[in-house]
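Novice: Quick one: sequence and predicted model below, then my questions.
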Amino acid sequence: MNTAPITPGIAVVLATGNRDKVRELQPMLEELSPLLKLHSLTDLGLSPEIDETEPTLEGNARLKATGIFSLVEPRFEWLIVLADDTGLEVDALDGEPGVRSARFAPVPAGSSPSYEQNVTHLLESMHGAACRSARFRTVIALKGRLPLPDGGIMSIDETVEGRIEGSITTERHGSGGFGYDPVFRPEGSDRTFAEMSLEEKNAISHRARAVRGAASRIGDIMAQTTITPTETGNLP
């Protein structure tokens, strides 16, 4: 089987099929270099299932980035894979649900809880709790390879984080967003995420901060390679 690289330029592959995430990151990458080409898993015709078995957000993000990198690296000479994991950490619950945020509520084996079930379980678990402080954290893992000025190859394997502090309300507020948005009120605001417009939420959210951090880090990494921000010619 021929595994030689088939696509020129630098591929940035998001370990997701979510095109909204692609649209969010695209403008940031375009500002860095015209050589950066963004792909979702859907764009590449992939839908892998990678079990999130690590006990931390960082571990799961790295696990996904490594798994996707192994799938797509034969198709690209120069490549950066981005994979994320997000969790809600509640102080009164000793950091729970954390990595279990998407599967917090107890449900029959083989099924996954709905957003509504997770929120209900969270509120029930915090019934009567005086401390309501919490935070959302998103960790993005970067895995890849780029050319170095001396002809070598830079291996990329690191993470960036975005977080936002806030508190858990005693009942649901708002109808927007998803997940725990109706009960998470970010610090400095009198509204939950679910009471904000998508634009307002994205301006301050943990994931938006992590995405901006990842884009900035890609720019820093490129500055160490043979690639300049305005380069449009062939790569070495």
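Specialist: Cool, got the structure.

Novice: any idea which residue sits dead centre in this protein?
Specialist: With distances taken as CA atoms, centre = their mean, the chain has Asp84 as the residue nearest its mean C-alpha position (2.9 Å).

Novice: where does the spatially closest residue to it that is not a sequence neighbour land in three-state SS?
Specialist: In space, and not counting its chain neighbours, Asp84 is closest to Ile140: 4.6 Å by CB to CB, 6 or more residues apart in numbering. Bear in mind the C-beta positions are built from the backbone N, C-alpha and C, glycine included. What DSSP: H, G, I helix; E, B strand; the rest coil gives for Ile140 is strand.

Novice: need the strands for the chain, in chain order.
Specialist: 7-14, 36-39, 76-90, 97-98, 133-147, 153-168, 184-186 (DSSP state E).

Novice: Extract the C-alpha trace of the helix or strand of the chain with the lowest mean pLDDT and format it as CSV.
Specialist: Least confident helix or strand of the chain, by mean pLDDT, DSSP states H and E, is helix 19-32 with a mean of 76. Only the C-alpha atoms of helix 19-32 are listed here, as CSV (Å, rounded to 0.1, in the frame of the first residue of the first chain):
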residue,chain,number,x,y,z
ARG,A,19,-18.1,21.9,11.3
ASP,A,20,-18.9,24.6,13.8
LYS,A,21,-15.5,24.0,15.4
VAL,A,22,-13.9,24.3,12.0
ARG,A,23,-15.6,27.6,11.3
GLU,A,24,-14.5,28.9,14.7
LEU,A,25,-10.8,28.1,14.1
GLN,A,26,-10.5,28.9,10.4
PRO,A,27,-10.1,32.7,10.6
MET,A,28,-7.4,32.4,13.3
LEU,A,29,-5.4,30.0,11.1
GLU,A,30,-5.8,32.1,8.0
GLU,A,31,-4.2,35.0,9.8
LEU,A,32,-1.2,32.9,10.6
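
Novice: So which residues make contact with it?
Specialist: Contact with helix 19-32 is made by 12, 14, 36, 38-40, 42-43, 82, 202, 208, 211-212, 214-215, 218-219, 222, 229, as judged by CB atoms under 8 Å, 6 or more residues apart in numbering.

Novice: One more pass at 7 Å, please.
Specialist: 12, 14, 36, 38, 40, 42, 211-212, 215, 218-219, 222, 229 (CB atoms under 7 Å, 6 or more residues apart in numbering).

Novice: follow-up on the earlier one: thought Thr138 was touching the residue nearest to the centre of the chain, still the case?
Specialist: Yes - under the criterion of CB atoms under 7 Å, Asp84 makes contact with Thr138 at 5.6 Å.

Novice: Flag the shaky bits of this structure, pLDDT-wise.
Specialist: Counting by pLDDT under 70, the chain contains low-confidence residues at 1-8, 20, 226-236.

Novice: Who are the contact partners of Gly177?
Specialist: So Gly177 contacts Phe193, Ala194, Lys201 (CB under 7 Å, 6+ apart).

Novice: which of those residues lies closest to Gly144?
Specialist: The closest of the contacts of Gly177 to Gly144 turns out to be Lys201 (CB to CB; 29.1 Å).

Novice: Give me the distance between the closest one and Thr120.
Specialist: 22 Å (CB to CB, to the nearest Å).

Novice: Tell me which of those two has more neighbours.
Specialist: Lys201 (21 against 16; other CB atoms under 10 Å).

Novice: Report the spatially nearest residue to that one, omitting neighbours in sequence.
Specialist: Phe193 is the one closest to Lys201 (CB to CB, 6+ apart), at 5.2 Å.
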